[in-house]
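Student: Here is a sequence together with a model predicted from it:
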Amino acid sequence: MQISVIRTIQILIAVSLSAASFSHASGGATPSPHSSSRCTTVFDCAQAAVQAAQDANLAADRASLALPIGTVIAFAGTQEQAFAQRQNGWWIANGDTVTDSASVVFFEKKLPDLTSTFLYGAGPGLPPGKKSGAPNYVIKPNTITTETTGFDDKRSLHQDPRTNIYDDRGWTTGAPITASGPTAPITVDTLPPYYVVIYLIKVR
């Protein structure tokens, strides 16, 4: 939380009164809350208090922007550049074991392997860490049978005059015509258009 204007004024008054009181009582100097130097006037102490308040606000801002351990980001650099991010606490999410002893959460643990993987939000029946899906789907070989009817009113809802063949060699008997045959396996690509990045995970 940032230090409010009212709180800053309160700090200024407190420091100023303390400096004045100390200076009046001992003739000495009051230590600055911002540095190792000493403030010799009320104005110097007030400036130091303002600087301390600004530093506290900056620290609060940085803390609010800090990403939690385990955050995953997409990195569009090279493998070498991604690997170099280890010095900043970001490791490539490729299943490696973390050897950074400064990582309290992931030290000596295997990272998730997110290579060639899309991220998917957790939900009912989908706990964090679950892996599923495939880049393609294979339609297995099968036997398909077709049947053509329509030679009388008893077996179908329509009549197909094209199947009623008659010539000097024979004619239809009214029985259905069936045909069957095997199908070859087919691989169907299920990947949408994509852009390849490197997933990094924050370990410290």
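Tutor: Thanks, I have the structure now. What you are looking at is a predicted structure, and each value in this text was computed from that prediction instead of being measured.
Student: contacts and neighbour counts: CA atoms only from here.
Tutor: OK.
Student: Phi first, then psi, for residue 50.
Tutor: Dihedral angles of residue 50 (phi, psi; degrees, to the nearest 10) stand at phi -60, psi -40.
Student: May I see the domains of this structure written out as residue ranges?
Tutor: When the chain is parsed with automatic domain parsing, its domains come out as 5-65, 68-133+194-204.
Student: Format those as a markdown table; extra columns: distance to residue 148 and mean neighbour count.
Tutor: Output for the domains of the chain, formatted as a markdown table (distance: least, CA to CA, whole Å; neighbours: other CA atoms under 10 Å):
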| stretch | distance to residue 148 | mean neighbour count |
| --- | --- | --- |
| domain 5-65 | 69 | 16 |
| domain 68-133+194-204 | 39 | 14 |
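Student: residues touching residue 141, list them.
Tutor: 182, 183, 184, 185, 186 (CA atoms under 8 Å, 6 or more residues apart in numbering).
Student: Now do the first one: how many residues are near it, please.
Tutor: In this case it means residue 182. 10 (other CA atoms under 10 Å).
Student: Would you tell me what helix or strand the residue lying closest to it once chain neighbours are set aside is located in?
Tutor: Excluding its sequence neighbours, the residue lying closest to residue 182 (CA to CA, 6 or more residues apart in numbering) is residue 143, at 4.2 Å. Assigned by DSSP states H and E, residue 143 belongs to strand 142-148.
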